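> Quick one: sequence and predicted model below, then my questions.
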Amino acid sequence: MKNELSILIPCYNCRCGKLVNVLHALLKKEEEKHGREAFRHEIIVADDGSTDTASIEENKHINSLDNCRYVIREKNTGRSAIRNFLAREAKYKWLLFMDSDMAVNDDSFIERYLSSEGNVIVGGIRTGGDVSLLKNNIRYKYERASEKCRTADRRNMKSHKEFRTTNFLIAGDIIKKYPFNEEFVHYGYEDVLFGKNLYENNIDIIHIDNPVTLEDYEENEVFINKTEEALRTLHMFEDSMQGYSTLLDCVGKINSYGLTTAVSLLYKLAGKSMKRNLSGKRPVLFLFNIYKLCYYISLK
């Protein structure tokens, strides 16, 4: 069993006090079970230059919890740099990274990680929320449609390609030797390249069913804008991402069939109307992947 743990949470304009309270209680439960000396732990939340002063003030209560720290960084450095910073700040050997907008609804969440074998372990994500309230939220629709591909068995079939930073445990010496690429400043794909880097250095990734829950969904327009930002990131690092992106695989096939011009024309004719639908009140999920493909080819 792993007997020490640093939980590391990068945060940007997010109120994550509820998540920290739940994790803190689970850590105390493990401490009571094994003894304070036998199980050492901490939680560090690093605020990456948030602009929402209300969330910053609310998150400051984290400092009042024992073995917890809320670190405020004035400048936004990006998703890769903030995780590398957290890894350097951690005291303990085992590092559990989590996104700040997730929820933990399982009393065995920490225990399951501590008892798992492996040096890089990915727990996964489940879709939460009230379908009656979210039926017209495009991210909710997308996440629900993707659930069948998220079991541990499915993820282990392509373990390095399925690596995601939402919820994973890693030995500290590994991430310090193979840190996240800090050229990734904007949203998207830093985790995909990290998984590729581990593969190229013969470091196994093990997927287990130990999910966090996504309960907070962006408005449709915000999600589509974030998707476009991620696609611009993918375009910037396209050469490094070959073989690690199904969208790039699809783009390659379109190129080989000589259809690039036709897809570009489709984007010129229908791109704005597709985006209006996806950003609007009744988005059609079928259009989402078509729009991503068209938008990406328009970048080229």
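Received, thanks.

> okay, now the nearest residue to residue 118 once chain neighbours are set aside: neighbour count?
Distances taken as CB to CB, 6 or more residues apart in numbering place residue 206 nearest to residue 118, at 4.0 Å, with adjacent residues excluded. Bear in mind the C-beta positions are built from the backbone N, C-alpha and C, glycine included. By the criterion of other CB atoms under 10 Å, residue 206 has 16 neighbours.

> Residue 206 bridge partners, please.
On the basis of DSSP bridges, residue 206 is bridged to residue 121.

> quick one: contacts for it?
Neighbour list for residue 206: 116, 117, 118, 120, 121, 122, 156, 159 [criterion: CB atoms under 8 Å, 6 or more residues apart in numbering].

> got it, and residue 149?
Residue 149 touches residue 155, counting by CB under 8 Å, 6+ apart.

> Could you check how far it is from residue 231?
Remark: distance between residue 149 and residue 231 (CB to CB, to the nearest Å) = 20 Å.

> hmm, back to that, can you flag the buried ones in the contacts of residue 206?
For the contacts of residue 206, a burial check counting by 16 or more other CB atoms under 10 Å picks out 120, 121, 122, 159.

> Relative to residue 114, how far out is residue 34?
According to CB to CB, residue 34 stands 9 Å off from residue 114.

> residue farthest from the centroid of this protein?
Going by CA atoms, centre = their mean, the residue of the chain most distant from its centre is residue 258, 34.6 Å out.

> any chance you could map the helices in the stretch 101-250 of the chain?
Using DSSP state H, counting those that start in this stretch, the helices of the stretch 101-250 of the chain run over 109-114, 131-134, 138-146, 152-157, 172-177, 190-200, 220-236, 238-241, 246-256.

> Compare those helices and report which one is nearest to residue 275.
Of all the helices of the stretch 101-250 of the chain, helix 220-236 sits nearest to residue 275, with 6.3 Å by CB to CB.

> and stretch 257-268, average pLDDT?
What stretch 257-268 shows for mean pLDDT is 93.

> ok, and what's touching it?
For stretch 257-268, the surrounding residues in contact (CB under 8 Å, 6+ apart) are 254, 293, 294, 295, 297, 298, 300.
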